[in-house]
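**Q** turn this into a model:
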Amino acid sequence: MNQHRSTWSIQVGSVASIAIRIHVTFLLLFAYFVYLSPADARLNEALFITAVFGCVLAHELGHALVARYFGIHTNDITLYPFGGIASITSQPAPKAELAIALAGPLVNVLVALLLLPSLDFSHLAAVSQAPPEEALLSFQEKIFIANVSIGLFNLLPALPMDGGRVLRALLALCNSKNATFIAARVSKVLCVLMALGAVLIGQPILLLISFIIFIGAVQEHVRAESRSLAEAFLVEDVMVAKENLETLPHGTTISKALRASFNSLQPLFLVTVGDEPQGVVFREEILEHAATTPDDYISAIVFRDLPAVDARAPLSQALALLEEEQSHVALVTRDGVFAGIASYDRVADFLLMKGVRNHFPPEEETEWPTPP
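**A** Got it, this is the predicted structure:
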């Protein structure tokens, strides 16, 4: 069970062991643009959109393959209406991030260079001077312009885009301890300027893009703040000790697990054989299977192979491990003995509350005067 992957994306294949997924909103937008095209141009429009997103996929594969060179795995690549996202498993070091970020736009540059021999620049110059309704471009010319646009747009210095990651990597290489915070602040300012420009020139699409980038910059800022906060705590500060966990024996049926879930507020249950943890079963999985297979054993729906982390390890290590393994839960050990669990949601909530408390510290207590 992957708690971090969108349920609205569909896997359509894989490249170099990297799952390729398409978000349903991309399919809806694809159908919308094809439908708006004249009937005799719909096939060409469909081929053009497919080719453009093929270039977007190549862009993301550039990121993924360079990340693999640095020993960083990519779980999947998802295509959205606004572009693609390669989901790498860990935050790279500054030099690696610089190379990974530049790899995507470089792919678009290479595609554009390959198309150069087939272009008629005198025709491009003539089209640039023609009215929009008469500006007819060839298929190769449109793909060339699309790749140049994708490459340049992604180099805008705004997180989470490639240019923002380049900026963050360069700041980190200059020994800035607040690289992400500075890059996020630059991103927000740039997004506000883009939004103002979009309003002035009447471009709602640009306004939407600036909003999406702004949200991405905020997410990067929050993620960086979480990592920074996590450095100050240990895993044992946030784990649920085994004594406080409600467990289910390995031979429990789904119907019995359902009854147990009605009497508990836990979102998941540890499944054990004797005192040894075998995995976890989620409440939502129990509810889903109770209607169809109530007499099956919960061993059929247990999530095994959970990552493990030491109780005295920094909380940042657990957070990185959960993100890298894309796991909802990690087993916590102390001196090699099972001690409890650490869930991604619990860690995230803990760090969120600590962050709120840091931003809004409690007021000093006021001593009331003693009446005479």
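
**Q** next up, phi/psi of the residue nearest the centre of the chain, please.
**A** By CA atoms, centre = their mean, the chain has its centre lying nearest to residue 87, at 5.8 Å. Dihedral angles of residue 87 (phi, psi; degrees, to the nearest 10) stand at phi -90, psi 90.

**Q** what's the helix or strand for residue 341?
**A** Per DSSP states H and E, residue 341 falls inside strand 337-343.

**Q** just the pLDDT at the nearest residue to the residue nearest to the centre of the chain once chain neighbours are set aside, thanks.
**A** The shortest distance from residue 87 to any non-neighbouring residue, by CB to CB, 6 or more residues apart in numbering, is to residue 75 (4.6 Å). The way it works is simple: take the backbone N, C-alpha and C, and place the C-beta from them, glycine included. pLDDT for residue 75: 82.

**Q** relative to residue 255, how far out is residue 75?
**A** Distance, residue 75 to residue 255, by CB to CB, to the nearest Å: 35 Å.

**Q** which of those two has more neighbours?
**A** Per other CB atoms under 10 Å, whichever of residue 75 and residue 255 has more neighbours is residue 75, with 19 against 16.

**Q** so who does the more buried one touch?
**A** 5, 18, 19, 87, 88, 89, 326 (CB atoms under 8 Å, 6 or more residues apart in numbering).

**Q** can you give me the neighbour number for residue 138?
**A** Neighbour tally, residue 138, other CB under 10 Å: 14.

**Q** er, residue 22 actually
**A** Residue 22: 21 surrounding residues under other CB under 10 Å.

**Q** so what does it look like in phi/psi?
**A** phi -120, psi 130.

**Q** quick check: bridge partners of it?
**A** Listed beta-bridge partners, residue 22: residue 10, residue 79 (assigned using DSSP bridges).

**Q** which residues touch it?
**A** So residue 22 contacts 9, 10, 12, 78, 79 (CB under 8 Å, 6+ apart).

**Q** the fourth one: how many residues sit nearby?
**A** I take that to be residue 78. So residue 78, with other CB under 10 Å, has 23 neighbours.

**Q** number of nearby residues for the spatially closest residue to residue 250 that is not a sequence neighbour?
**A** Nearest non-adjacent residue to residue 250, counting by CB to CB, 6+ apart: residue 273, 4.7 Å away. Residue 273 sits with 11 neighbouring residues when counted by other CB under 10 Å.

**Q** following the record's annotation, map out the domains of the chain.
**A** The chain breaks down by automatic domain parsing into domains covering 1-155, 157-230, 235-359.

**Q** so which residues of the stretch 51-200 of the chain form helices?
**A** Counting by DSSP state H, counting those that start in this stretch, one finds helices in the stretch 51-200 of the chain at the ranges 94-115, 121-129, 139-154, 162-173, 179-201.

**Q** which residues pair with the residue nearest to the centre of the chain across the strands?
**A** Here residue 87, judged by DSSP bridges, has bridge partners residue 76.

**Q** per-residue pLDDT, it?
**A** 81.

**Q** so what's it up against?
**A** Contacts of residue 87 were listed using CB under 8 Å, 6+ apart, and they are 5, 74, 75, 76, 77, 78.

**Q** at 7 Å what do you get?
**A** 74, 75, 76 (CB atoms under 7 Å, 6 or more residues apart in numbering).

**Q** what's the distance between the closest residue to residue 84 other than its chain neighbours and residue 105?
**A** Nearest non-adjacent residue to residue 84, counting by CB to CB, 6+ apart: residue 60, 4.1 Å away. For residue 60, the distance to residue 105 equals 11 Å [CB to CB].

**Q** so for these two, which residue has more residues nearby?
**A** Neighbours were counted for residue 60 and for residue 105 using other CB under 10 Å; residue 60 has more, 26 against 23.

**Q** check contacts around the more buried one.
**A** So residue 60 contacts 77, 84, 86, 104 (CB under 7 Å, 6+ apart).

**Q** shaky segments in the chain?
**A** Within the chain, the segments meeting pLDDT under 70 span 1-7, 82, 127, 130-135, 356-372.

**Q** now do the strands in it.
**A** Along the chain, counting by DSSP state E, strands occupy 9-15, 18-23, 74-80, 83-88, 240-241, 247-249, 268-273, 276-282, 308-310, 329-334, 337-343.

**Q** nearest to residue 149, out of those?
**A** Ranking the strands of the chain by proximity to residue 149 (CB to CB) places strand 83-88 first, at 11.3 Å.

**Q** that closest one versus helix 139-154: what angle between them?
**A** 60 degrees (axes from the mean of the first three to the mean of the last three CA atoms, to 10 degrees).

**Q** I am finished for the moment; much appreciated.
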